[in-house]
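> okay, structure incoming, though there's no sequence with it:
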């Protein structure tokens, strides 16, 4: 499953024709990976984007190693660790979306696509910009870019434990969004937090294909240990919201277990060895 999913992500990022992604409602995890692969990413008033994998014992995948590392400051790390959601304005501000439209404009967009002169290079952007101009008054207020300096300061730490401590302290602060982020972080899987920290650090400077190859290795190893299965049970199946993590704190996660997640657990060539990024 992960091999097919990541191949699709890679294909979308390199697809040669205009590819529109409509981020309606919740765009989380795998949906976020699909949207980020599109070259025209549309968000709406009810869009909620995010990578909440630390809550289920996984890690931000579907090329998140690549696109989260390209966010300003330490916002990518913050979103990876906490799984905090973004609204439409946040997505535009952070370069995770290109256009804001209303749900009610979808028919107008489809009709407009059928009448475009595709020989004109600016035909599609012109249509999208025209529709966006009619919709922007309904765009929500951004949440995260104006908090960047504070988040950068909280995560200005050489080790993960210090970052987590600083973020958890916001649970007693005055900012409701940071309090919510602290609550999310408190419920995250410690192994997942450790994987995120290593994942984003290792991915700096990596190509998209190399990021997906690393994520494939992580995905296979996450299936070997019990945290992913337990997170899915607690959050998605039984929904008791009481995961029993094998390693309940960051200090409990063995260095050997963390390191082993980045090592191949199969024989032979990497299943995604043939992925090549276009210049």
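Noted; the coordinates are in hand. Because the structure is predicted, anything quoted here is derived from the model rather than measured.

> check whether residue 35 really touches residue 50, as I assumed.
No. If you go by CB atoms under 8 Å, residue 35 and residue 50 don't touch, sitting 11.3 Å apart. Heads up, the C-betas are built off the backbone N, CA and C, glycines and all.

> so where do the helices sit in the stretch 1-150 of the chain?
Applying DSSP state H, counting those that start in this stretch to the stretch 1-150 of the chain gives helices spanning 2-13, 30-37, 64-67, 75-82, 88-93, 106-115, 123-135, 148-154.

> packing partners of the shortest one?
Spelled out, it's helix 64-67. helix 30-37, helix 190-203, helix 208-222 (3 or more CB pairs under 8 Å, 6 or more residues apart in numbering; DSSP states H and E).

> mind redoing it with 6 Å?
helix 208-222 (3 or more CB pairs under 6 Å, 6 or more residues apart in numbering; DSSP states H and E).

> please apply the same query to the fourth one.
Taking 3+ CB pairs under 6 Å, 6+ apart as the contact definition, the neighbouring helices and strands of helix 75-82 are helix 176-186, helix 190-203.

> pick the most deeply packed of these.
helix 190-203 (a mean of 22; mean count of other CB atoms under 10 Å).

> what sits against the residue lying closest to residue 66 once chain neighbours are set aside?
Once flanking residues are discounted, residue 66 sits nearest to residue 211: 4.2 Å by CB to CB, 6 or more residues apart in numbering. Contacts for residue 211 (CB atoms under 6 Å, 6 or more residues apart in numbering) come out as 63, 65, 66, 203.

> ok, and the most crowded of these?
residue 65 (28 neighbours; other CB atoms under 10 Å).

> let me see the contact set for that one.
Taking CB under 6 Å, 6+ apart, one finds 199, 203, 211, 215 in contact with residue 65.

> what about 10 Å?
Contacts for residue 65 (CB atoms under 10 Å, 6 or more residues apart in numbering) come out as 59, 76, 80, 196, 199-204, 206, 208, 210-215, 218.

> cool, and residue 118?
17, 18, 124.

> what is the burial count for the residue nearest to the second one when sequence neighbours are not counted?
In other words, residue 18. Leaving aside its chain neighbours, residue 18 sits nearest to residue 124 (5.5 Å; criterion: CB to CB, 6+ apart). A count of nearby residues for residue 124, using other CB under 10 Å, gives 17.
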